[in-house]
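[1] here's a sequence, model it:
(one chain, ligands or ions: 1)
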Amino acid sequence: MKLHTLGPETTDSYKAAMYLREMYLDLEDAELVLHDSFDDIYRKLDDEQGDLFLVPVAYRSAQSNGNWADNNLKYWDTLKIMDVFKLPIMPLVLVRNPDGKDGEAVLHPSTKELIKEYSLNQGRKLHLEFVDSKAEALRKFESDKYEFSIVTKDVYQSNCADRQDEVLAEYEPNMVWCLYRIGIQQKAV
Ligand SMILES: O=C(O)C(=O)C[C@]1(C(=O)O)C=C[C@@H](O)C=C1
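    A predicted model of the protein is given here:
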């Protein structure tokens with residue numbers, strides 16, 4: 001059986017999938033399929049019938065207005081909720097590169113409220129560029145074209161030890177995760 005979620009292996013989604021495999025003995029042998037975006041999984045539901053799909057309720061698309069709440073209704077007859085559970089995401093950090101392009105921020109759309117809070121407190125107007133995962137946000141931030149990003153603390157520390165960024169804030173949110181079984185779409189009459 002396949003279990004679809006967001007990759008690469010540094011994402012919270014990957015970590016949540018590993019947690020699930022430990023929790024459910026019958027998922028131990030599930031084949032994990034990591035996608036570049038959740039949008040990719042939603043787009044290919046027809047090809048994924050019978051498989052499992054793990055997504056955080058915080059999901060928001062970087063490519064459209066898609067989000068977990070809307071998609072849960074939109075795909076009501078295809079996506080069957082098998083389980084919901086809580087599992088904290090890995091601590092996040094808001095980082096600032098003083099040499100980056102003034103006011104440019106690259107981040108996952110699920111974390112936008114955190115940077116909005118910072119920009120309001122600082123009275124600064126920022127330009128937000130959204131990407132499909134925090135892993136991608138870090139890759140782009142490392143190019144030095146951005147002043148801000150919100151990334152996973154551990155991944156940042158192991159990849160960016162020799163950078164001169166400022167760490168402006170740290171966050172430790174909890175998260176609700178939703179496990180779906182992908183069913184056969186009933187055609188509306
Ligand atoms: O980027 C990741 O690491 C993810 O697993 C995605 C995701 C999300 O889609 O909401 C998961 C939890 C966090 O809220 C931010 C990003």
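[2] got the contact list for the most centrally placed residue in the chain?
    Nearest to the centroid of the C-alpha atoms of the chain, with distances taken as C-alpha atoms, centre = their mean, sits Ser133, at 4.8 Å. Contact criterion C-beta atoms under 8 Å, 6 or more residues apart in numbering gives Leu6, Gly7, Pro8, Thr11, Asp36, Ser37, His108 as the residues in contact with Ser133. For the C-beta atoms, the positions are set from N, CA and C on the backbone; glycine is no exception.
[3] ok, and the closest non-adjacent residue to the fourth one?
    Across the structure, with C-beta to C-beta, 6 or more residues apart in numbering as the measure, the residue nearest Thr11 apart from its sequence neighbours is Ser133 (5.4 Å).
[4] quick check, pLDDT for that neighbour.
    According to the per-residue confidence, Ser133 scores 95 in pLDDT.
[5] phi, psi of it?
    In terms of degrees, to the nearest 10, the main-chain angles of Ser133 are phi -150, psi 160.
[6] any idea how far it is from Glu28?
    25 Å (C-beta to C-beta, to the nearest Å).
[7] for Ala169, which three-state class applies?
    strand (DSSP: H, G, I helix; E, B strand; the rest coil).
[8] tell me how far it lies from the ligand.
    Using C-beta to the nearest ligand atom, to the nearest Å, one obtains 15 Å as the distance from Ala169 to the ligand.
[9] so what's that residue up against?
    Counting by C-beta under 8 Å, 6+ apart, Ala169 touches Val93, Leu94, Leu114, Tyr118.
[10] may I have the beta-bridge partners of it?
    Beta-bridge pairing of Ala169, defined through DSSP bridges, involves Leu94.
[11] cool, and the one 10 residues further on?
    Going by DSSP bridges, Leu179 is paired in beta bridges with Leu54, Asp83.
[12] could you check how far it is from Ile81?
    According to C-beta to C-beta, Leu179 stands 7 Å off from Ile81.
[13] okay, these two: which has more neighbours?
    For Leu179 versus Ile81, neighbours defined as other C-beta atoms under 10 Å are more numerous around Leu179 (21 against 11).
[14] got any ranges where the protein has weak pLDDT?
    By pLDDT under 70, the low-scoring segments of the chain are 185-189.
[15] quick check: residues of it near the ligand?
    6, 11-13, 56, 58-59, 89, 108, 110-111, 133-134, 175 (C-beta under 6 Å from any ligand atom).
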